[in-house]
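Participant: Fold the following, please.
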Amino acid sequence: MAIDFEAQAEDGEHPELAEAEAASSINITPLIDVLLVLLVMLIITIPVHFHAVNIELPNSGPATQSAPPPIVRIEVTASQQIVWNGVALSDRQDLENHLLAAAQFAPPPEIHVHAAPTTKYDSVAAVLSAAQRLGLQKIGVVGLDEYLPTSLPTNP
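Facilitator: Okay, the predicted model is just below:
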């Protein structure tokens, strides 16, 4: 015995059957949402090495410990006398000859300039500029901490 739902729905005997037929199409929006979530999960789980770029990097050898550069102590006395590692120099040309010879070393030495408290600024500036002009790069004024107070004054 076959049942004709369409005929019964048209007659008005069973109104719920008419609604069931009208809503018989499937709503695919939730299915698309699920598929998009699965697609995102698939993209995230792709191994990282597929995205990597192969680059040939140079190999570096082991780090070598180089000897520290020699230190040259230049003193400028209160009487404008220039002393190179404890040896008094006759004039500025003698200083430039010593600086030129020191610049030829590999590695070039560090120049430590010590000035007496009453030395004129021009004398110290002449030593610093001569060292820089002749290509020495590690130049510093040393000994200023000798003249600093041992404790800082407090403001009352």
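
Participant: So, low pLDDT: which residues of the protein?
Facilitator: The model of the chain has pLDDT under 70 over residues 1-23, 48-52, 144-156.

Participant: just the helices in the protein please.
Facilitator: Taking DSSP state H as the test, the helices found in the chain are 5-11, 15-22, 29-44, 92-103, 121-133.

Participant: Redo the ones you listed as JSON lines? Include mean neighbour count.
Facilitator: Bear in mind the C-beta positions are built from the backbone N, C-alpha and C, glycine included. What follows is those, written out as JSON lines (neighbours: other C-beta atoms under 10 Å):
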{"stretch": "helix 5-11", "mean neighbour count": "12"}
{"stretch": "helix 15-22", "mean neighbour count": "11"}
{"stretch": "helix 29-44", "mean neighbour count": "9"}
{"stretch": "helix 92-103", "mean neighbour count": "15"}
{"stretch": "helix 121-133", "mean neighbour count": "15"}
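
Participant: Dump these to a markdown table, plus distance to residue 112.
Facilitator: Formatted as a markdown table, the helices of the chain follow (distance: least, C-beta to C-beta, whole Å):
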| stretch | distance to residue 112 |
| --- | --- |
| helix 5-11 | 106 |
| helix 15-22 | 98 |
| helix 29-44 | 60 |
| helix 92-103 | 12 |
| helix 121-133 | 11 |
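
Participant: Residue 58: which of those helices is closest?
Facilitator: Among those, helix 92-103 comes nearest to residue 58, with 31.2 Å by C-beta to C-beta.

Participant: how far is the closest one from where the chain is centred?
Facilitator: Distance, stretch centre to chain centre, for helix 92-103: 37 Å (C-alpha atoms, centre = their mean, to the nearest Å).

Participant: Would you mind pulling the contact partners of that helix?
Facilitator: Residues outside helix 92-103 that contact it (C-beta atoms under 8 Å, 6 or more residues apart in numbering): 72, 74, 82, 84, 89, 108-109, 111, 126-127, 130-131, 134-136.
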